[in-house]
Structure formats: C-alpha cells, structure tokens
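Peer 1: Sharing a model that was predicted from the sequence below.
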Amino acid sequence: MSPSRTSLSRRLFAAAGAAVLLLGVASCGGGEEKKASGAMPSELTFSILSAEGQASSGPLWQPLLDDMSKAIGVPVKPFFAGNYNVLIEAMRFNQTQVAWFSAKPALEAVDRAQGEVIARIVDPEGRDSYTSTLIVRKGSGITLDKVLACGKQYDFGIGDAQSTSGTLAPLTFLFNPRGIVPNQCFKTVRSASHQANAFAVATGVVDVATSNSVNTVFMRRENPQLASQIEDIWVSPPIPESGIVIREDLDPALKEKLRSFFLTYGQGQGPEADRQRQVLAGLNYSSIRAASCRTSVSRPCVRPATRPTPSPWRPASWMWPPRTRSIPSSCAARTRSWPRRSRTYGSRRRSRNPASSFARIWIPR
C-alpha cells in the first residue's frame, strides 16, 4: 500500500474510532457555558435523515412533532434529507434548530453547527446502543471469509460517508484492522442509504452491503418479504444510539421546554402516556434519556508544556493558544486523547479528521 493510502487509512481509522465511541462525547465539556442569545422563534424545524425514505418515515415522526409543538408552544415542522452533510449544514446556518442524529453526525453538529446534545435514544429492549451489520442475499453462499478475501469479485454497497453504522463502524471494526480498503477490495463500491442497500442486496444489484440492526427491524415490519431474502454475515460491537441535538443559541426557556418534553415523553401512567409510548414504539424506541453532561468550549483550556517552534510555513500565530475541550470532574467518564490542529486562531488549513474535533473523547461506561 502506498504511503498516501496508508496515511489516509490511518486518518480514517482515527475518525471512525472517535465517532463510534462518542454520543456521550458531544454532551460533555468544560468551561463556562455559551450564553444563548437567540430570541423565541416563531417556528422550529426538526432534522430527520430519511434513510428509510420520507414517505415511510414521515408518518412515524409526525405524531411526535405534533406533541412537541403542543408542549413547547411553537410550531414544529420536519426537514428530511438524504444525507447527513445536508442536515448538518442546515443546522449550521440555522435553517434547522432540532435534530435526530446518530453518533458521528452528532459530533459534527456540535463541532460545526453550534449543536448541543440533550438526550439519547433507548430501544425497546432498554439498550442505548445498536449494531452495524454486513448483509448478503440469503442462499448466495457468500460468507464473511470470502468477503474479507477481497479479489474484486463482489459488488459492495456502503453507507453515507457520515453514517456511523453504514460506513464508520464497518471501517473501524472490520476493514481497517485488516488493512482492507473497500475500493481496492471490491469490484465496485456504491454509496446509498440503508434501505437502498438492503433492496440492492435482495434484488442482486450488489452482493454485500452495510446495514444496521434498526434497519433490520424496519424492514421486517414494513417489507417482510424483502427482509426474508437477506441475512447478516457480520455484526459489530454495540454503537451508541442516536441522540437529540439542539442549537446552543436557542432561547434558554425554549431549550428547557425541549429538554423537558423529550425526557418526560412516554413516561408515567394513563392513556396519554400509553399513546406516547406507541409513538416511540413506531420509531423502534422505548424512551429518551438525558445526555450525561453539557457541552461547552474553553479557550484555552490546556497549554502544551512547550510552545511549538515556528517556521516559515507555520507561523506562531497559527498555533497559539490551542483550543481544546476539557471534561469536568463531575462527569463520570474516562477520557482518551487525540491529536488535533487549532482551527480557531488563523489556521490556513482546516483538519479534515473528525477525530481532531475533540482533544478528549468521553466514553460512556
């Protein structure tokens, strides 16, 4: 493998490692909280990745959005998009204010779009995690060993580049540890949503594709005939479940109403609580838990022992002081350090490695 490809693989591995560990990451931080300066909006827009298609996802989400509107006193409308970058950029430019993101996009939203994670999803079995999978057509005879043997004999379907389960988890847990680059391993590689990849596998358009345990549940419920034609040949370790992200600059009173709505939704007894639990069950959730702690950025938080030596191509003004994130002692967490480049003080080149977005990674126990 060439040095450039080796370097790329290492950067991708670091990025993927950061993302699959993180959803608590985006909810942890140190320093003084950023003061919300936004006025009460006349309307909120809620971002949803339409991985299962807007036609099928819309009716599942609309009851929850209607309940949210009543609870906070502000109309809430959905915004569907086919990839995470569109959703992150929409939040960055304040076109959306609330979002449902998986782990990796949640980190991106915190880093790039003034996002703050306020809650995490819990599945019907009480787990706040799910798994990435590799799927093939049932009866095809394709095994994991045959896939990992490469040889450019199979057509491969991968997820969105920002997808935690569709791209980053398979790279982190399966391909990168074995030095496998999908573009070099498979005959063709195409990127699509989980639903599109599952349909492609079932119809023989691709031989093997990435998916996840949540998509499997939806397929069995919405299209059992399609689901019966697919089988898993690999399952990843648990990945942190999706979370609810809001913009930091929302009105403080509105942020508290949103937080209260999500954390009390489907809780308690009575017909209304039962109805709310049915809404969550339609989304394959059982409840929504609070994120462990809040996000904020401290500049500077930690200075290196010695200042890096400037050079003609790297002036001192690019490198000092560094921006970093600290984790308060009140947050029950373990930390992992990652190298990073300052993006705040005049750096001419922004790092493309998402792992560098955080100096420390919070790992849920």
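Peer 2: Good, I have the coordinates. Residues are numbered from 1 along each chain as shown.
Peer 1: in the protein, which spans are helices?
Peer 2: 3-20, 54-72, 84-92, 103-112, 144-148, 169-170, 182-185, 194-203, 213-222, 224-227, 252-264, 271-282 (DSSP state H).
Peer 1: Packing partners of the shortest one?
Peer 2: Using 3 or more C-beta pairs under 8 Å, 6 or more residues apart in numbering; DSSP states H and E as the contact definition, the elements that helix 169-170 packs against are strand 132-137. Heads up, the C-betas are built off the backbone N, CA and C, glycines and all.
Peer 1: so the strand it packs on versus helix 194-203, what angle?
Peer 2: Orientation of strand 132-137 against helix 194-203 (axes from the mean of the first three to the mean of the last three C-alpha atoms, to 10 degrees) gives an angle of 30 degrees.
Peer 1: Report the strands that pair with strand 132-137, each with its relative direction.
Peer 2: Applying DSSP bridges, strand 132-137 is found paired with strand 208-212 (antiparallel), strand 230-235 (antiparallel).
Peer 1: contacting residues around the last one?
Peer 2: Going back to what we said before, that points to strand 230-235. Applying C-beta atoms under 8 Å, 6 or more residues apart in numbering, the contact partners of strand 230-235 are 131-138, 142-144, 147, 170, 174, 198, 201-202, 208, 211, 213, 216, 219.
Peer 1: If we use 10 Å, what do you get?
Peer 2: The contact list for strand 230-235 (C-beta atoms under 10 Å, 6 or more residues apart in numbering) reads 131-140, 142-148, 170, 173-174, 197-199, 201-202, 208-213, 216, 219-220.
Peer 1: tell me the average confidence for it?
Peer 2: On average, the pLDDT along strand 230-235 is 95.
Peer 1: List the buried residues of that strand.
Peer 2: Buried residues in strand 230-235, counted by 16 or more other C-beta atoms under 10 Å: 230, 233-234.
Peer 1: Select the longest strand from this structure.
Peer 2: In the chain, with assignment by DSSP state E, the single longest strand is strand 115-122.
Peer 1: Tell me the strands beside that one, with direction?
Peer 2: strand 243-247 (antiparallel), strand 287-290 (antiparallel).
Peer 1: tell me the angle it makes with helix 84-92.
Peer 2: Using the same axes, to 10 degrees: strand 115-122 against helix 84-92 is 130 degrees.
Peer 1: avg pLDDT for strand 115-122?
Peer 2: Strand 115-122 comes out at a mean pLDDT of 90.
Peer 1: CA atoms of that strand as PDB?
Peer 2: Coordinates of each C-alpha in strand 115-122 appear next as PDB, following Å, rounded to 0.1, in the frame of the first residue of the first chain:
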ATOM      1  CA  GLY A 115     -25.100  21.800  18.400                       C
ATOM      2  CA  GLU A 116     -25.700  20.600  21.900                       C
ATOM      3  CA  VAL A 117     -26.800  17.000  22.700                       C
ATOM      4  CA  ILE A 118     -29.600  17.000  25.200                       C
ATOM      5  CA  ALA A 119     -30.900  13.400  25.100                       C
ATOM      6  CA  ARG A 120     -30.100   9.900  23.900                       C
ATOM      7  CA  ILE A 121     -32.500   7.300  22.500                       C
ATOM      8  CA  VAL A 122     -33.300   3.900  24.200                       C
END
